[in-house]
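Asker: give me a model of this one.
(one chain, ligands or ions: 1)
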Amino acid sequence: MPRERRPEPDEDLDALDRNLALELVRVTEGAAMAASRWVGRGDKNAADAAAVAAMRHFLGHVDMDGTVVIGEGEKDEAPMLYIGERVGNGTLPEVDIAVDPIDGTRLTAMGMNNAVSVDALAERGALYSAPPGIVYMDKLAVGPEAVDVVDIRKPPAENIAAVARAKGMNVSDVTVIILDRPRHEGLVKEVREAGARIRFITDGDVAGALMTARSGTGVDLLLGTGGATEAVVAACALKCIGGAIQCRLSPRNEEERQGALAAGADMEQVFHTDDLARGNNIFFSVTGITDGELVKGVKYSRNSITTHSLVMRSRSGTVRTIDATHRIDKLQRHLRAPID
Ligand code: FBP
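Answerer: Next up, the predicted model:
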């Protein structure tokens, strides 16, 4: 890949003003189509591998000098899209990339709703990386109306009441989306005692966070503990769409806690959307793999494949819905397999 010319800082910013969001959607479309070949086949590793390979392939065509800052893991454990991998065609601008080729690998393998492919792009240094070893964060996400009224340090009942007031709803009509996990037993009890409704999801809290900010999903608030990388990806999306996420590091055990403290982490710190995704030059794309409230999944007909995506950009706040029809005979072989 050509990498001879280094960008000047001003040039870099100018280049970012171009709407890279539209290029990013090709990347998530490709990953979603590749993943969709594995829907319901019970093999989440194969689904993930297909999505990763397709995403990397399409990222290689984007005009950028990108570095993966949120990806498939450290270099020694992930052959592709590992943290620190350079992606893009090596031209302007210099950017950081967050990728989640499949959020919901199990959903994909089991043919269940709400699996998506996502990527996000930001100026270099703009995206947060959790301390080494920290896998989870406690999360609270809301849509635009409730951005200024919630506080993750407060009990769920107070946040639910605040969301209800901000949205002009009764508490009993507020719907909280929560990952269905044993660790959320106490949270679920508190939400029920507060009088709100719960929408459980088995996986996919990036889509869950986004649903709080999309009208028509019926979801008002996301609470609970999920992946730290998914928190940053969700922050990118919410920054574009107008909602907010608040998070705290959530070590699984004393060893993780001590490791984070040794790395200088403050376990009480509340990370707001702007801490996770800094600046106002964020681009985000999501394409459905299976059907969901956010986006529909990949659909097949005799000669074509249809994908459904949302692409957005923080600077303009524009959210584009892109439904694309891809001709099977024109698709590259690895996206058709195992159709062939
Ligand atoms: P994967 O697709 O990488 O498996 O992630 C799915 C997911 O549900 C995320 O959306 C969520 O943040 C995380 O897993 C929760 O982790 P866990 O399954 O360990 O509770």
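Asker: got a list of what the residue nearest to Gly71 when sequence neighbours are not counted touches?
Answerer: Leaving aside its chain neighbours, Gly71 sits nearest to Leu81 (4.3 Å; criterion: Cβ to Cβ, 6 or more residues apart in numbering). Every C-beta, even on glycine, is put in place using the N, C-alpha and C of the backbone. Leu81 is in contact with 52, 55-56, 59, 68, 71-72, 87, 99, 101, counting by Cβ atoms under 8 Å, 6 or more residues apart in numbering.
Asker: switch to 7 Å and redo it
Answerer: Going by Cβ atoms under 7 Å, 6 or more residues apart in numbering, Leu81 touches 52, 55-56, 68, 71-72, 99.
Asker: likewise Ala51?
Answerer: Applying Cβ under 7 Å, 6+ apart, the residues near Ala51 are 31, 34-35, 101-102, 117.
Asker: confirm it sits in a strand?
Answerer: No: counting by DSSP: H, G, I helix; E, B strand; the rest coil, Ala51 falls outside a strand, being helix.
Asker: quick one: it and Gly279, what's the gap?
Answerer: According to Cβ to Cβ, to the nearest Å, Ala51 stands 28 Å off from Gly279.
Asker: find the nearest non-adjacent residue to Arg153, please.
Answerer: Excluding the flanking residues, the one nearest Arg153 by Cβ to Cβ, 6+ apart is Val270, at 6.6 Å.
Asker: you'd agree the one you found is up against Arg248?
Answerer: Yes: contact status for Val270 versus Arg248: in contact at 6.0 Å, counting by Cβ atoms under 7 Å.
Asker: where does the prediction get shaky in the stretch 151-300 of the chain?
Answerer: Scanning the stretch 151-300 of the chain for pLDDT under 70 picks out nothing.
Asker: for it, which residues are neighbours of the ligand?
Answerer: Residues of the stretch 151-300 of the chain lying close to the ligand by Cβ under 6 Å from any ligand atom are 179, 181, 203-206, 226-227, 230.
Asker: let's see that with 8 Å instead.
Answerer: Residues of the stretch 151-300 of the chain found near the ligand (Cβ under 8 Å from any ligand atom) are 179, 181, 183, 201-208, 225-227, 229-231.
Asker: which of those residues count as buried?
Answerer: For these, a burial check counting by 16 or more other Cβ atoms under 10 Å picks out 179, 201, 203-208, 225-227, 229-231.
Asker: restricted to strands, list the contacts of Ala51.
Answerer: Counting by DSSP state E, those place 101-102, 117 in strands.
Asker: any idea how far Leu223 lies from the ligand?
Answerer: Leu223 sits 13 Å away from the ligand, going by Cβ to the nearest ligand atom, to the nearest Å.
Asker: just use 54 as the starting number from now, easier for me
Answerer: Yes, from this point I'll number from 54; that puts the last item at Leu276.
Asker: tell me the bridge partners for that residue.
Answerer: When assigned by DSSP bridges, Leu276 has beta-bridge partners Leu193.
Asker: the one 4 residues further on now?
Answerer: Gly280 has these beta-bridge partners by DSSP bridges: Tyr189.
Asker: roughly how far apart are it and Ala262?
Answerer: Gly280 is 11 Å from Ala262, by Cβ to Cβ.
Asker: how near is the residue lying closest to Ile155 once chain neighbours are set aside to the ligand?
Answerer: The shortest distance from Ile155 to any non-neighbouring residue, by Cβ to Cβ, 6+ apart, is to Ala104 (4.8 Å). Applying Cβ to the nearest ligand atom, the value for Ala104 to the ligand is 10 Å.
Asker: about what we covered before: for the residue nearest to Arg206, give me its contacts.
Answerer: Listed by Cβ under 7 Å, 6+ apart, the contact set of Val323 reads 205-206, 299, 301.
Asker: make it 6 Å
Answerer: Contacts for Val323 (Cβ atoms under 6 Å, 6 or more residues apart in numbering) come out as 205, 299, 301.
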